[in-house]
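J.: Compute the structure for the input listed below.
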Amino acid sequence: MPVPRDLVTEGLAAARNAIETEAAAVSALADRLDGVFLDVLIAVATCEGHLVVTGLGKSGLVGRKIAATLASTGTPATFIHSGDALHGDSGAVTSRDLVLALSASGETAEVCAFARMLADRGIPVIAMTGAEHSTLAKLAPYTLDTMVLREADPLNLAPTASTTAALVMGDALACALVVLRDFTHHDFAKFHPSGALGRKLLGDQA
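T.: Prediction:
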């Protein structure tokens with residue numbers, strides 16, 4: 001059965017609106033790179049252990065990507081699922097580590113429970129949330145604000161603009177750390193020996 005033309009037109013408008021909404025959400029982040037961001041940047045740069053990233057659901061997926069980007073650009077980082085953390089994996093976090101906890105609402109039960117466990121152990125938590133007065137934010141010495149005015153989907157329900165904002169804030173942190181660590185093309189090549197990118201970088205250095 002063919003799709004009615006008016007629905008196709010509405011769908012295209014929704015797609016354009018999604019792009020514009022997410023672009024606006026990302027643009028707004030630049031004004032939030034304030035003293036707190038600098039404190040986080042220094043805390044991560046001087047961390048003697050790993051930056052452990054955690055989250056659940058869509059935030060967890062974004063957290064995995066943030067951890068991967070950090071690790072590939074010179075910041076020792078790993079991901080622990082918040083649910084798994086409550087079933088023993090929290091033992092992987094040491095007193096030398098920092099934890100970056102993602103939750104758009106700041107009220108995700110497993111993320112908050114993990115953060116509370118860490119606070120009890122004296123391990124600092126960096127909250128990345130769109131709710132500065134949330135439970136997660138109150139448990140964390142640092143809060144990176146990723147608030148968005150609305151999600152990008154027509155129902156304003158699906159994590160879209162909020163997950164994009166979190167991803168970009170993570171990229172901003174990784175890029176700043178590249179500068180602080182004086183991370184070079186040579187360093188990047190050592191972490192990427194395989195694939196087209198690795199071959200290109202190693203070939204350029206030959």
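
J.: Tell me both backbone torsions, phi and psi, for D97.
T.: phi -100, psi 160 (degrees, to the nearest 10).

J.: Ignoring the adjacent residues along the chain, who's closest to it?
T.: G49 (4.0 Å; C-beta to C-beta, 6 or more residues apart in numbering). (Each C-beta comes from the backbone N, C-alpha and C, glycine too.)

J.: Pick out the residue nearest the middle of the protein.
T.: G170 (4.1 Å; C-alpha atoms, centre = their mean).

J.: who's in contact with that residue?
T.: 62-63, 65-66, 69-70, 100, 128 (C-beta atoms under 8 Å, 6 or more residues apart in numbering).

J.: can you list these in JSON lines and add distance to L33, neighbour count and pLDDT?
T.: As requested, the contacts of G170 are arranged in JSON lines below (distance: C-beta to C-beta, whole Å; neighbours: other C-beta atoms under 10 Å; pLDDT from 0 to 100):
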{"residue": "V62", "distance to L33": "19", "neighbour count": "26", "pLDDT": "98"}
{"residue": "G63", "distance to L33": "20", "neighbour count": "29", "pLDDT": "98"}
{"residue": "K65", "distance to L33": "20", "neighbour count": "16", "pLDDT": "98"}
{"residue": "I66", "distance to L33": "16", "neighbour count": "25", "pLDDT": "98"}
{"residue": "T69", "distance to L33": "17", "neighbour count": "18", "pLDDT": "97"}
{"residue": "L70", "distance to L33": "17", "neighbour count": "25", "pLDDT": "97"}
{"residue": "L100", "distance to L33": "16", "neighbour count": "26", "pLDDT": "98"}
{"residue": "M128", "distance to L33": "13", "neighbour count": "30", "pLDDT": "98"}
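
J.: And the residue nearest to D97, its phi and psi?
T.: According to degrees, to the nearest 10, G49 has phi -110, psi -130.

J.: Is it correct that it is in contact with A92?
T.: No. Under the criterion of C-beta atoms under 8 Å, G49 lies out of contact with A92, with a separation of 10.6 Å.

J.: Using CSV, list the CA coordinates for stretch 180-197.
T.: Presented in CSV, the C-alpha positions along stretch 180-197 are these (Å, rounded to 0.1, in the frame of the first residue of the first chain):
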residue,chain,number,x,y,z
LEU,A,180,46.3,19.1,27.5
ARG,A,181,48.2,15.8,27.0
ASP,A,182,50.0,17.2,23.9
PHE,A,183,48.7,14.1,22.1
THR,A,184,50.2,13.9,18.6
HIS,A,185,49.6,12.2,15.3
HIS,A,186,52.3,9.7,16.3
ASP,A,187,50.6,8.9,19.5
PHE,A,188,47.3,8.4,17.6
ALA,A,189,49.0,6.1,15.1
LYS,A,190,50.3,3.9,18.0
PHE,A,191,46.7,3.3,19.2
HIS,A,192,45.4,2.6,15.6
PRO,A,193,47.8,0.2,13.9
SER,A,194,45.1,-1.6,11.9
GLY,A,195,42.5,-0.4,9.4
ALA,A,196,42.6,2.3,6.8
LEU,A,197,43.2,5.1,9.3
